[in-house]
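Colleague: Please find the sequence and the predicted model below.
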Amino acid sequence: MSLPSPTSLPPSVNPLDLLPKVPSLDNTFGSFLIATFIGLIMYGLTLHQTYRYYRLFPGDALVLRMIVVCTLLLETLHIVLCMHVCYYYLVTNYFDPTALLDGVWSIRILPVSTAAIIVVSESFFTRRVYLIGSHFRMIVAIVPILMLVILGFGTAATVKAFILPTFAEFKGVAWMTSAGFGVAVVVDSLLTGTLILALRRSRTGFRRTDSLIDVLIIYAVNTGLLTGIFSLLSFIFAIVAPGNLIYSAFNLISAKLYANSLLAVLNSRKALMDRVQQDCFGTSSFDLSAVRQYDSERAAQARWNVPRLGFGRSLSFARAAVPTKSTTTGGTVLDIRVHTAETRAYDQDVESVETGSRKGRGLGAT
């Protein structure tokens with residue numbers, strides 16, 4: 001049935017009122033569009049941090065450089081998919097309400113791409129906890145299984161989305177996304193909690209070393225806090241409101257946070273080393289050649305930004321060897337030994353004083 005001609009309508013009737021009503025998009029594509037804007041800003045941060053990483057650490061281990069490349073490629077794919085979703089629904093089909101009934105291919109691929117970003121980022125943090133010591137490797141053995149569960153839920157959600165004929169039936173996919181992010185919260189809690197526990201056990205009772213440990217704890221908390229919060233929000237909204245896209249908006253932001261957290265940890269190694277020099281040696285112009293890696297395990301820990309933990313060895317500085325108070329066995333907090341001409345001269349002076357003291361006691365006894 002054709003619409004009445006505008007000339008035959010009463011003057012008080014607006015012709016646009018006769019057109020089909022477009023449903024409100026505030027809590028669906030409106031929230032997704034806002035998340036895409038935020039995601040584009042965070043993608044810019046990802047590009048900057050990637051550039052900074054290759055400038056600061058061009059000689060890093062191959063596995064680390066491959067993780068960074070994979071993260072950047074997955075982030076690029078993810079943000080392109082998000083932009084295509086917004087363009088398809090809000091530009092190409094801006095005046096076609098029936099297009100809202102069908103899920104475009106890009107929105108169907110989003111779950112598995114998000115899961116892949118989470119798994120790549122968590123693999124780095126898992127390796128970092130693994131390098132702390134054998135005390136926590138039972139926890140590390142559980143985390144890869146959970147990461148496979150995350151990837152499995154993301155893949156299943158994508159496959160299910162391609163099977164479902166209409167967008168309205170995507171509610172059946174929301175619980176899979178919810179479950180995947182629920183597992184991600186568990187993984188974040190395990191890794192962050194393990195790192196904080198290990199750092200707290202490494203306290204020595206000395207102000208400078210404990211201050212440095214406090215800084216490392218703050219870094220550990222910041223690594224998992226934001227990702228955990230947004231993953232939890234996505235988990236909650238996918239359960240309580242599966243009929244809109246608010247949970248998907250949190251998914252988008254959470255994926256960007258995982259990538260930026262990974263790159264921030266890698267790039268923070270230089271700042272942490274400067275803090276070590278400042279706190280332990282009282283200067284930021286310390287010669288880095290004085291810091292020595294004694295074996296391949298410690299070199300790996302440095303590459304993966306693993307804090308050295310104090311379980312029974314001494315923390316040695318120039319002029320002083322400071323014993324730790326921990327009674328367990330394992331690594332050391334920093335295990336930095338500085339050998340300079342000044343230190344050797346100081347040690348020789350101490351030795352000569354002790355030798356003279358022993359001679360004096362011997363003469364007194366005679």
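Modeller: Nice, thanks for sending it over. These numbers were taken from a predicted model, which means no experiment stands behind them.
Colleague: which helix is the longest one in this protein?
Modeller: If you go by DSSP state H, the chain has its longest helix at helix 246-281.
Colleague: what mean pLDDT does the helix or strand harbouring Gly39 have?
Modeller: Assessed by DSSP states H and E, Gly39 sits inside helix 31-56. The average pLDDT within helix 31-56 is 96.
Colleague: so how far is Phe181 from Phe167?
Modeller: 21 Å (C-beta to C-beta, to the nearest Å). For glycine as for every other residue, the C-beta is placed from the backbone atoms N, C-alpha and C.
Colleague: Compare the two (neighbour count), which wins?
Modeller: More neighbours surround Phe181 than the other of Phe167 and Phe181, with 29 against 18 (other C-beta atoms under 10 Å).
Colleague: what about Ile107, distance to His84?
Modeller: Ile107 is 8 Å from His84, by C-beta to C-beta.
Colleague: And the helices in the stretch 101-250 of the chain?
Modeller: 105-130, 137-163, 171-201, 207-240, 246-281 (DSSP state H, counting those that start in this stretch).
Colleague: Minimum distance to Arg52: which of the ones you listed has it?
Modeller: Arg52 lies closest to helix 246-281 among those, at 5.5 Å (C-beta to C-beta).
Colleague: what's near enough to touch the nearest residue to Ile239 once chain neighbours are set aside?
Modeller: Using C-beta to C-beta, 6 or more residues apart in numbering and skipping the chain neighbours, the partner closest in space to Ile239 is Ser178 (5.4 Å). Counting by C-beta atoms under 8 Å, 6 or more residues apart in numbering, Ser178 touches Ser234, Phe235, Ala238, Ile239, Pro242, Tyr247.
Colleague: Repeat the analysis, applying 10 Å as the threshold.
Modeller: Counting by C-beta atoms under 10 Å, 6 or more residues apart in numbering, Ser178 touches Phe153, Ala157, Ser234, Phe235, Ile236, Phe237, Ala238, Ile239, Val240, Pro242, Tyr247, Asn251.
Colleague: Point out the least confident one among the residues you listed.
Modeller: pLDDT across these is at its lowest for Pro242, which sits at 85.
Colleague: these two touch, right, it and Lys171?
Modeller: Yes. With contact defined as C-beta atoms under 10 Å, Pro242 and Lys171 form a contacting pair (4.5 Å).
Colleague: more neighbours, these two?
Modeller: Set Pro242 next to Lys171 and count neighbours by other C-beta under 10 Å: Pro242 wins out with 18 against 14.
Colleague: now the more buried one, nearest residue through space, not along the chain?
Modeller: Ala174 (3.6 Å).
Colleague: Could you tell me what pLDDT the model assigned to the one you found?
Modeller: pLDDT, Ala174: 84.
Colleague: Quick check: the gap between it and Gly39.
Modeller: To Gly39, Ala174 is 20 Å away according to C-beta to C-beta.
Colleague: Then Asp26?
Modeller: Asp26 sits 19 Å away from Gly39, going by C-beta to C-beta.
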